[in-house]
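1. A predicted structure for the sequence below; I have some questions about it.
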Number of protein chains: 4
Amino acid sequence: MKEHRVGIIMNGVTGRMGTNQHLIRSICAIRNEGGLQVSPDEVIMPDPILVGRNENKLQKLAEMTGITNYTTDLNKCLADDQYQIYFDSQTTNLRAEGVRKAIAAKKAIYCEKPTSADLATAVALYEEATAAGLKNGVVQDKLWLPGLLKLQDLIKTGFFGEILSVRGEFGYWVYEGENEPLQRPSWNYRKDEGGGIIIDMLCHWRYMIDNIFGKVKSISNLGATHVRTRWDENGQPYEADTDDSAYSTMELENGVIVHINSSWCVRPRRDDLLVLQVDGTRGSAYAGLRKCLVQPRQVTPREVWNPDVDRTKNLYEDWMEVPETRNYDNAFKIQWELFLRHVVLDEPFRWNLLEGAKGVQLAELALASWAERRWLDIPSIG
Amino acid sequence: MKEHRVGIIMNGVTGRMGTNQHLIRSICAIRNEGGLQVSPDEVIMPDPILVGRNENKLQKLAEMTGITNYTTDLNKCLADDQYQIYFDSQTTNLRAEGVRKAIAAKKAIYCEKPTSADLATAVALYEEATAAGLKNGVVQDKLWLPGLLKLQDLIKTGFFGEILSVRGEFGYWVYEGENEPLQRPSWNYRKDEGGGIIIDMLCHWRYMIDNIFGKVKSISNLGATHVRTRWDENGQPYEADTDDSAYSTMELENGVIVHINSSWCVRPRRDDLLVLQVDGTRGSAYAGLRKCLVQPRQVTPREVWNPDVDRTKNLYEDWMEVPETRNYDNAFKIQWELFLRHVVLDEPFRWNLLEGAKGVQLAELALASWAERRWLDIPSIG
Amino acid sequence: MKEHRVGIIMNGVTGRMGTNQHLIRSICAIRNEGGLQVSPDEVIMPDPILVGRNENKLQKLAEMTGITNYTTDLNKCLADDQYQIYFDSQTTNLRAEGVRKAIAAKKAIYCEKPTSADLATAVALYEEATAAGLKNGVVQDKLWLPGLLKLQDLIKTGFFGEILSVRGEFGYWVYEGENEPLQRPSWNYRKDEGGGIIIDMLCHWRYMIDNIFGKVKSISNLGATHVRTRWDENGQPYEADTDDSAYSTMELENGVIVHINSSWCVRPRRDDLLVLQVDGTRGSAYAGLRKCLVQPRQVTPREVWNPDVDRTKNLYEDWMEVPETRNYDNAFKIQWELFLRHVVLDEPFRWNLLEGAKGVQLAELALASWAERRWLDIPSIG
Amino acid sequence: MKEHRVGIIMNGVTGRMGTNQHLIRSICAIRNEGGLQVSPDEVIMPDPILVGRNENKLQKLAEMTGITNYTTDLNKCLADDQYQIYFDSQTTNLRAEGVRKAIAAKKAIYCEKPTSADLATAVALYEEATAAGLKNGVVQDKLWLPGLLKLQDLIKTGFFGEILSVRGEFGYWVYEGENEPLQRPSWNYRKDEGGGIIIDMLCHWRYMIDNIFGKVKSISNLGATHVRTRWDENGQPYEADTDDSAYSTMELENGVIVHINSSWCVRPRRDDLLVLQVDGTRGSAYAGLRKCLVQPRQVTPREVWNPDVDRTKNLYEDWMEVPETRNYDNAFKIQWELFLRHVVLDEPFRWNLLEGAKGVQLAELALASWAERRWLDIPSIG
């Protein structure tokens, strides 16, 4: 069995997402399966080194995961030829510096979104990596969520006829922190620490829409800071000074209309924390993170407005679940495997730094639309 | 028993809403209960005459309802002093002419919404009726839907703490008419016949929001004609040339944000054809036409994003139904009774032609916002 | 209101089908609705006379239905110009004689199936009626069963993609008559009285298939007399000497394969007495007399053969019911109305005596296929 | 405890059925139970060696099952006297060669069906094994499915009176492979790789019918390739060139009629992937893989044709489930145990190579019937 060893500098994996999704459920999982099988006789074996600023945290993480290689010296790692890939899941404001060092060191680049808090930097990172001839990619995990994969299958098989509109509802109630402990870090609600739901989620909506429903043409967005006082990790109250909700309407080039409400101040009465309702001429679908339901036009009921009697027919019964026709692996792991194949086997990989920059662009325009109180078109970039 | 007989000219009740809601479920229902009891010794007894242009239809309606008084001669009715109230549920483009004749004849005015297709006329009708010293009112039935009454009770008792946002979803799939017979008349999808969902529904949203959640301050609205070909009552295809969907974001003076999707091209996966989700600092509610559910902050679950396993907890189970604490009469009938008391007993009645004009105003601004692609503020009128 | 009175000679309506379906649920029902409304100002009013051989039965039927016109003298009726239509639901072996008399009397012809027990006569009746320039029709009621109408709508909207196959199961257990009274007349099980399930049901399958799925090209049929001893209406045993079950495989010109089991000796475990399962590339449907269920390809489950554990998933749950989008009238009445419009308004009516003859043809070839133990092609006729 | 050790050469058990049913659920299961107890003091202990062509696969299988004996050298095994039984579950076209080597080596023969793709070879294998005086058997697992065992019990106790007919429905939708991964290997849809539903399933129907309902006398069969394009294990489209559906009508010597539809292109609305409905004069039964339901004549409802109202009575409620009166072991294991007793204790075993050849015969005649478009009788063989 031929083994392609791939050294990976994992910078910033002591954070929640870095630890759980990238390290444990992706890289460790691939290692535990004996590497990524790419032909009957070949595997790709990722060989990570954990990089961070806090040695204690690194040590704990090493113990927990069995990845015994770790360091606080990023520069030394970058200088080491046994590492081909630089992965960055630091907080956003540290990302550009880390990525640029890696470009200088001629590593392939893979990083979390948003790639930067501003579009200019995001585009520059793409151009610099490309100019240096380096392979690069950005995490776009939602594309591989089972619910959204099922939605993509429905589109491929022509289920919808012409798609008319997409309604999204994202979010849940994030505890203020006074009575119940936070379930998201407090920096999310502070502007100068890179917080805000618009910069966080609009990046996701960009690649999700572009890849599944059609290219985004223009956006009208309203942000809000609904909950103004929160309590931090130490139980201290502070003023939330950035958006915790966004109401975003978008037009696509193909005429489809997408409206998404994103909020950390909503108590969901729906199937999942993210749901997408897609209505088409020949049928509709309702996708959550893992499940997807459909209603073909042939079973669409004849509804009429009658508020004088209680409903006898439950509208939820008009939907059928799309079955699981294959095993659904972790979405982050799937994209990691695609990136490893891209690096080792030179297979195509289209989710690159330019695509990542597009997410930043949409977030930036959403903020501008809010400020200017009008629709804004999305210029093409790159 | 003292009986206050009130003669009512009912113009245009051969239409679906006029027949079902105003004549049968309101006026006939009041008559069948022996009139509207207003004190132990007094009843108000409505005494309608049906007015229309097609004698055959009027005759059939008379037979069906037992209201044997009918005529095609509106002018003669208006000249007759035994009628104190003029009610108009004609199609919108005939309304102003009818109302003006009734003003000239010094009748109290009650009419369906929209009072006109344009704001100038709608305001003029209010001013003319007021100048003539006539009592007047406009149908705003949704305020008395059981689900919305329960919502108003929740607000009154301080359930929500501070209200943050309101999400509305209105609509259902209206058959195109090719394979299944229409469940709404084809004129709704023709611009020059007064069709369009914006003029139809935004009138409702104005009084609903103003009365329940706070004064509307500004609006950003996107309309769409999702289904372009429909089939009419004779099975003939035609081009739908007016909006069948609207995506409306509104800011209220008190800072609450309201977003409502209205559509005749959506296959609902929700509790009812209209649902309103209201999120507040101390709790949330989810109201349909008749039911209302709540989730107080104390039972709000700790949700975290975990797409790697199927949900084990159903989010629908976090909600409790508000019980029925009284009988809920037909919403139209309730408002009719309030108007009859206003006319006979001089009790206050605030849902007048000016309030009706505000609905037209919101629809008009929504159309303008769509055209100009920006937010528009709502000027005060009247 | 202009009334087109249409005199109808109803010969043989004292039988079960004639009384229930043709007289009570069709002609009387149309009369009770005030005639068949064909424009705002016109109705067609059927005016029947009941004809039979047993005066007592006719009198009873007249009392029951309020149709007071009856006679045992067919010839006199035929000579009377006030009757334009001759309808025949006598037993099959009397049909040709009755129809021929009516042709001689220049009546429009409408009759039950089979139009004859042999193809030559069936075709001759068509040719004679046509040569005489007379409008004519044959009952093909199953086309207007709600379940089959829904199936036709599914085909029209392209639900199936390419239809691959149709499986039909018709029948139920007809009591032998020894312990429980018969629920079908004993002549059905006697060859010389026109009995047999092949001549009865294959006539239906011909028009059902031709009109809904495609032209029948060839047939392989096996008949059987499973229950050999039955008891008649007087409790006397007799030998059943004709087929009570048929196993029919058919190929259509478009390549679709249809297999139908028809039997009076089966205890059904299915949704209805007649069910049709249609499988297509994009979805399947399962229709009964009134209901129709669908399974689009997108919800088709991943089934694998595993006999080692009890099923945890119920296969019945993979189906959704097609909603009722309109009122479904009696199938016989619908066809009567179409025939009345054909006679009075000259509207097209394609279910004529030639179509009836095709049903006889399929039955005849099915019997021949059984005898010759091979596939037979269907020659074109007429 | 006396242990009869029986060495078994298991050739071709790296395939799905070989691994799951024969190795894990039969041989390993018997070993895990401490061998097959045949008297208070005696057990038969099967001692297998795994044989195949791919050493990697064998090694994995060995690790998975704990059967550490494996080899790619069949000839060496055959030469080894410690092995008494040769078992073959290779693909069909390799079977004859393997079996003949085993005959030459004087092993008892046990093998999967079909024993060959052509009748001549299948009969020859029987004759050669018999001439050599060797015990032999063929897998006929469906006879020991719990549902069919219950059916056999019903027959034994006279439940049916005279059996009239048997209707079978076998199959489910096998994904084309474009959008969903295959759940059956692609060779099943390629003629030159031994694919086709007729050769696969008619072998089963032969022994099932012969053993349970009566000897098959003649057959009329129609095959079809409904789905013409499929996608293989690598996602490449290919043309399916062999039958994926069969419509088979059979007459038995005792007059019973059996009709079975077998298809990989059907979306089942029934209780199980294989169901058999058996109708008899005194009752009917409906058997799936594990469950069996009955309707005795005494509860057979009086059904009449009435399409004018929705069914109020559910036909599924007229059936009662046959209880589980014993534990049902894996069907393959039961037959293995019988064969082991045959080899060691000389007990009778009637499911031999001749019986296997009869299955091939029925498949061959079914193909011929399809080609010649007529009924064919089944000659006796052996």
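-> That came through, no problem. Numbering: from 1, shown residues only, chains lettered A, B, ... in the order given.
2. wait, A:G18 sits on A:S89?
-> Yes: under the criterion of Cβ atoms under 8 Å, A:G18 is in contact with A:S89, at a separation of 3.9 Å. In short, each C-beta sits where N, CA and C put it, glycine included.
3. what's the overlap in contacts for the two?
-> Overlap of the contact sets of A:G18 and A:S89 (by Cβ atoms under 8 Å, 6 or more residues apart in numbering or on different chains) consists of A:10, A:12, A:112.
4. Relative to chain C, which of those residues is nearest.
-> A:E112 (33.2 Å; Cβ to the nearest Cβ).
5. Quick one: residues contacting that closest one.
-> Taking Cβ under 8 Å, 6+ apart as the test, what A:E112 contacts is A:12, A:17-18, A:88-89, A:95, A:138-139.
6. Please report phi then psi for A:W205.
-> phi -60, psi -30 (degrees, to the nearest 10).
7. what's the helix or strand for the residue nearest to it when sequence neighbours are not counted?
-> Excluding the flanking residues, the one nearest A:W205 by Cβ to Cβ, 6 or more residues apart in numbering or on different chains is A:I260, at 5.9 Å. Per DSSP states H and E, A:I260 falls inside strand A:257-263.
8. Partner strands of that strand and their direction?
-> strand A:163-171 (parallel), strand A:245-252 (antiparallel) (DSSP bridges).
9. that older thread, which of the contacts of A:E112 are close to chain C?
-> The subset of the contacts of A:E112 within reach of chain C, by Cβ under 8 Å from any Cβ of the partner chain, is empty.
10. Of the residues you listed, which is the most crowded?
-> Ranked by the number of neighbours (other Cβ atoms under 10 Å in any protein chain shown), the contacts of A:E112 place A:V138 first, at 29 neighbours.
11. Look at A:E253 and say how many residues are nearby.
-> Using other Cβ under 10 Å: A:E253 sits among 12 other residues.
12. An error on my part: the question was meant for A:K76.
-> Around A:K76 there are 11 other residues, counting by other Cβ under 10 Å.
13. Next up, phi/psi of A:V138, please.
-> Dihedral pair for A:V138: phi -130, psi 140, per degrees, to the nearest 10.
14. swap that for A:E33, please
-> Per-residue torsions, A:E33: phi -80, psi 10 (degrees, to the nearest 10).
15. in chain A, which helix or strand is least confident?
-> When the helices and strands of chain A are compared on mean pLDDT, DSSP states H and E, helix A:16-17 comes out lowest with a mean of 86.
16. And the contacts of A:E112, which is closest to chain B?
-> Using Cβ to the nearest Cβ, the contacts of A:E112 come closest to chain B at A:M17, 9.4 Å.
17. Enumerate the beta-bridge partners assigned to the residue nearest to A:W205.
-> A:G168, A:S248.
18. And for it, the neighbour number?
-> Neighbours of A:I260 under the rule other Cβ under 10 Å: 24.
19. can I get the contacts of A:E112 in TSV with distance to chain D?
-> TSV is the format used below for the contacts of A:E112 (distance: Cβ to the nearest Cβ, whole Å):
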residue	distance to chain D
A:G12	36
A:M17	30
A:G18	32
A:D88	33
A:S89	32
A:R95	36
A:V138	26
A:V139	26
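20. Can you tell me which residues in the stretch 51-200 of chain A are near chain C?
-> Counting by Cβ under 8 Å from any Cβ, the stretch 51-200 of chain A comes close to chain C at A:153-154, A:157, A:159.
21. For chain A, which residues are neighbours of chain D?
-> A:153, A:156-157, A:325-326.
22. What residue in chain A is the furthest from its centre?
-> Within chain A, the residue lying farthest from the chain centre (Cα atoms, centre = their mean) is A:D308, at 44.7 Å.
23. doesn't that one fall inside a strand?
-> No: secondary structure of A:D308 (DSSP: H, G, I helix; E, B strand; the rest coil): coil, not part of a strand.
24. Contact partners for it?
-> Shown in contact with A:D308 (Cβ under 8 Å, 6+ apart): B:25, B:330.
25. for whatever helix or strand A:D279 lives in, what is the average pLDDT?
-> If you go by DSSP H and E, A:D279 is part of strand A:274-280. Here strand A:274-280 scores 98 as its mean pLDDT.
26. Contacts for the next helix-or-strand element following that strand next, please.
-> Later in the chain than strand A:274-280, the nearest helix or strand by DSSP H and E is strand A:283-287. Strand A:283-287 is contacted from outside by A:147-148, A:150-151, A:154, A:159-161, A:271, A:275-278, A:292-297, A:300, A:319, A:322, B:266-267, B:269, C:296, using Cβ under 8 Å, 6+ apart.
27. after strand A:283-287 comes which helix or strand?
-> Defined by DSSP H and E, the subsequent element after strand A:283-287 is strand A:292-296.
28. quick one: that following strand to strand A:283-287, angle?
-> With axes from the mean of the first three to the mean of the last three Cα atoms, to 10 degrees applied, the angle from strand A:292-296 to strand A:283-287 works out at 170 degrees.
29. Neighbouring strands of strand A:292-296 in the sheet, and parallel or not?
-> strand A:283-287 (antiparallel), strand A:320-321 (antiparallel).
30. any idea how chain A splits into domains?
-> Under the assignment automatic domain parsing, the domains of chain A span A:2-141+A:331-352, A:142-326+A:361-376.
31. so what's A:W144 closest to, chain neighbours aside?
-> The shortest distance from A:W144 to any non-neighbouring residue, by Cβ to Cβ, 6+ apart, is to A:A331 (3.7 Å).
32. That neighbour and chain C, how far apart?
-> As judged by Cβ to the nearest Cβ, to the nearest Å, A:A331 and chain C stand 21 Å apart.
33. so who does that residue touch?
-> Going by Cβ under 8 Å, 6+ apart, A:A331 touches A:141-145, B:307.
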